[in-house]
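S.K.: Provide a 3D model corresponding to the input given below.
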Amino acid sequence: MSQSKQQETEAAGKPSAVAGSLIQASETLRVATRGPGFSDITAEVAGWLQRIDATEGVVTLLVRHTSASLLIQENADPDVQRDLADALRRLAPEGSHYRHDSEGPDDMPAHIKAMVMPVSLAIPVAHGRMRLGTWQGIYLAEHRRAPHRREIALHYIGS
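M.R.: So this is what the prediction gives:
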């Protein structure tokens, strides 16, 4: 590639020639929830990264529902998840004060909780492992009362 063509490509935000090959992989992780609370999905994501031979890059996660969320949170003390669930109940309590109630009294509070929590995450990967802190885990937060089957879209880009 000529130097002027390379400069045009870089200026347009497109990568120039890369040493080594870039890979992309996608997967749908299915998680059965038991009602409100948090499901640790760290091991499932780490296992998928290992299966696709990820080395250096970024993994993104997107929960494909409007009444659930994703988060990175402490994984050492289960009281953290209980306290977070209590705080979410106080933030958006069930009740007859919502207009949207066609899917049940827990649906609108679930949408509010999903509005204030992340529904996607981007996590750096180095040497084949997510760069999470010592006490961090990845959680699916279920905001509805009934058990659900949730889908999380995973995408990896890197080497």
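
S.K.: okay, helices next: where are they in the protein?
M.R.: 3-11, 42-51, 78-91, 107-116 (DSSP state H).

S.K.: packing partners for the third one?
M.R.: This points to helix 78-91. strand 37-40, strand 68-74, helix 107-116, strand 136-142 (3 or more CB pairs under 8 Å, 6 or more residues apart in numbering; DSSP states H and E). Every C-beta, even on glycine, is put in place using the N, C-alpha and C of the backbone.

S.K.: now tabulate those in JSON lines and tack on distance to residue 27 and mean neighbour count.
M.R.: Formatted as JSON lines, these follow (distance: least, CB to CB, whole Å; neighbours: other CB atoms under 10 Å):
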{"stretch": "strand 37-40", "distance to residue 27": "17", "mean neighbour count": "17"}
{"stretch": "strand 68-74", "distance to residue 27": "15", "mean neighbour count": "19"}
{"stretch": "helix 107-116", "distance to residue 27": "22", "mean neighbour count": "18"}
{"stretch": "strand 136-142", "distance to residue 27": "14", "mean neighbour count": "23"}
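
S.K.: quick one: closest of those to residue 21.
M.R.: Of all the helices and strands packed on helix 78-91, strand 136-142 sits nearest to residue 21, with 27.1 Å by CB to CB.

S.K.: in this structure, what spans have low per-residue confidence?
M.R.: 1-20 (pLDDT under 70).

S.K.: could you redo the last one with a cut-off of 90?
M.R.: 1-21, 96, 101-102 (pLDDT under 90).

S.K.: identify the residue nearest residue 64 in space, chain neighbours excluded?
M.R.: In this structure, residue 64 finds its nearest non-sequential neighbour in residue 151, 4.5 Å apart by CB to CB, 6 or more residues apart in numbering.

S.K.: correct me, but the one you found touches residue 27?
M.R.: No - using CB atoms under 8 Å, residue 151 is not in contact with residue 27, being 10.4 Å away.

S.K.: surely residue 36 meets residue 146?
M.R.: No - applying CB under 8 Å as the test, residue 36 and residue 146 come out as separate, 9.5 Å apart.

S.K.: of the two, give the one with the bigger neighbour count.
M.R.: residue 36 (18 against 11; other CB atoms under 10 Å).

S.K.: quick one: contacts for the more buried one?
M.R.: 85, 89, 142, 143, 144, 145 (CB atoms under 8 Å, 6 or more residues apart in numbering).
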